[in-house]
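Trainee: let me see the structure of the following:
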Amino acid sequence: MGGAAAEETSVLGLTPVAPDRTAAYGEHPDQVADFYLPRGSRGPRGAARPAPLVLLFHGGAWRAPYDRRHVSPFAAFLAGRGLAVASVEYRRGGAEPARAGRWPETFDDIAAAVDTVPGLARELGLPGADPDRVVLTGHSAGGHAVLWAAARHRLPSGTPWHLPSPSPLRGVVALAPIADLATARALDVCSGAVGELLGELGGDGDELTARLALADPAALLPTAIPTTIVQGGTDIDVPPAVADAFATAATRAGQDVRLVRTEGGHFPPIDPTTPVAHTVAEEIAHVAGTGPAR
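Mentor: Below is the predicted model:
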């Protein structure tokens with residue numbers, strides 16, 4: 001076995017890592033976050049230094065069979081690098097088990113998690129976590145989630161997820177993200193997942209267009225929030241053309257986006273056994289303000 005299949009098998013074959021704490025950010029069973037507390041982040045007198053809080057959103061094409069367990073080794077890896085991590089669950093799927101996403105519940109949960117989880121970490125008094133320094137990171141569909149969450153102040157004021165000003169984030173690091181929904185839909189990324197996320201059922205084309213305008217991070221630029229994309233050059237699940245389209249849209253909108261191209265395909269960014277995962281950790285630390293200057 002080689003290539004993309006081997007990369008996926010490597011990630012999905014890792015043993016899940018139990019979190020240090022799990023807490024709910026809402027009433028639905030999927031509205032929970034697993035906390036992984038920082039290791040190796042002690043000062044000269046042995047006291048733990050507060051670490052930036054990384055809100056991690058998993059991928060899986062917004063489909064219910066894929067949950068946060070497959071990114072738990074990656075979350076633990078980031079904690080081992082001295083970061084506090086909140087691995088966020090959110091509603092996926094739909095009436096059919098294989099269906100991608102729920103409109104609008106998937107977006108409700110992304111917004112609620114970003115608004116609520118840092119305060120939840122503060123209320124829980126989690127040792128070593130600094131909820132005032134928040135970085136968003138996510139893989140694939142989770143990459144879409146964090147790019148969209150950073151752009152909510154760009155939504156029309158009448159929409160339920162609108163914020164009057166940008167979220168107080170240190171930045172966003174999106175991993176192989178479904179960053180440009182229009183491009184992803186045209187390329188049929190994840191076998192129609194984008195259309196399913198938006199509720200495309202062969203019905204009202206005008207409604208679909210309106211939803212796309214609200215859900216597509218590339219249509220909500222510029223955000224004024226530091227943004228990095230890590231993209232594998234041989235990714236066949238979310239091709240590099242999707243990240244490239246987002247970067248092009250950002251340039252047109254006057255926003256600088258750091259695009260880090262890596263070896264391999266879709267899964268190495270969340271596989272702690274790969275060099276790419278170390279690159280990701282370094283990018284997150286830099287955005288959080290704890291990494292060395294470039």
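
Trainee: got a pLDDT number for Arg42?
Mentor: We note a pLDDT of 43 for Arg42 in this prediction.

Trainee: cool, Gly203 as well?
Mentor: At Gly203, pLDDT is 56.

Trainee: do the same with Ala86
Mentor: pLDDT at Ala86 comes out at 98.

Trainee: wasn't it part of a strand?
Mentor: Yes - with DSSP: H, G, I helix; E, B strand; the rest coil as the criterion, Ala86 is assigned to a strand.

Trainee: list the contacts of it.
Mentor: By C-beta atoms under 8 Å, 6 or more residues apart in numbering, the contact list for Ala86 reads 33-36, 53-56, 117, 121. Every C-beta, even on glycine, is put in place using the N, C-alpha and C of the backbone.

Trainee: please list only the buried members of those.
Mentor: Buried members of the contacts of Ala86, scored by 16 or more other C-beta atoms under 10 Å, are 33-36, 53-56, 117, 121.

Trainee: those residues in helices, which ones?
Mentor: 117, 121 (DSSP state H).

Trainee: mind putting the contacts of Ala86 in a markdown table, distance to Val276 and pLDDT included?
Mentor: As requested, those are exported to a markdown table (distance: C-beta to C-beta, whole Å; pLDDT from 0 to 100):
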| residue | distance to Val276 | pLDDT |
| --- | --- | --- |
| Ala33 | 25 | 98 |
| Asp34 | 23 | 98 |
| Phe35 | 24 | 98 |
| Tyr36 | 20 | 98 |
| Leu53 | 23 | 98 |
| Val54 | 17 | 98 |
| Leu55 | 20 | 98 |
| Leu56 | 16 | 99 |
| Val117 | 26 | 98 |
| Ala121 | 27 | 97 |
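
Trainee: output these in a markdown table; the columns should cover distance to Ala224.
Mentor: Shown next, in a markdown table, are the contacts of Ala86 (distance: C-beta to C-beta, whole Å):
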| residue | distance to Ala224 |
| --- | --- |
| Ala33 | 26 |
| Asp34 | 30 |
| Phe35 | 29 |
| Tyr36 | 29 |
| Leu53 | 21 |
| Val54 | 20 |
| Leu55 | 19 |
| Leu56 | 23 |
| Val117 | 22 |
| Ala121 | 25 |
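
Trainee: any idea which of these is closest to Ala186?
Mentor: Nearest to Ala186 among the contacts of Ala86 is Leu56, at 28.3 Å by C-beta to C-beta.

Trainee: could you find the closest non-adjacent residue to Glu207?
Mentor: Spatial nearest neighbour of Glu207, excluding adjacent residues (C-beta to C-beta, 6 or more residues apart in numbering): Gly199 at 7.8 Å.

Trainee: brain fart, Ile284
Mentor: Val173 (5.1 Å).

Trainee: look at the one you found and give its secondary structure.
Mentor: Assignment for Val173 (three-state DSSP): strand.

Trainee: wait, what's in contact with it?
Mentor: Taking C-beta under 8 Å, 6+ apart as the test, what Val173 contacts is 135-137, 146, 228-230, 280, 283-284, 287.
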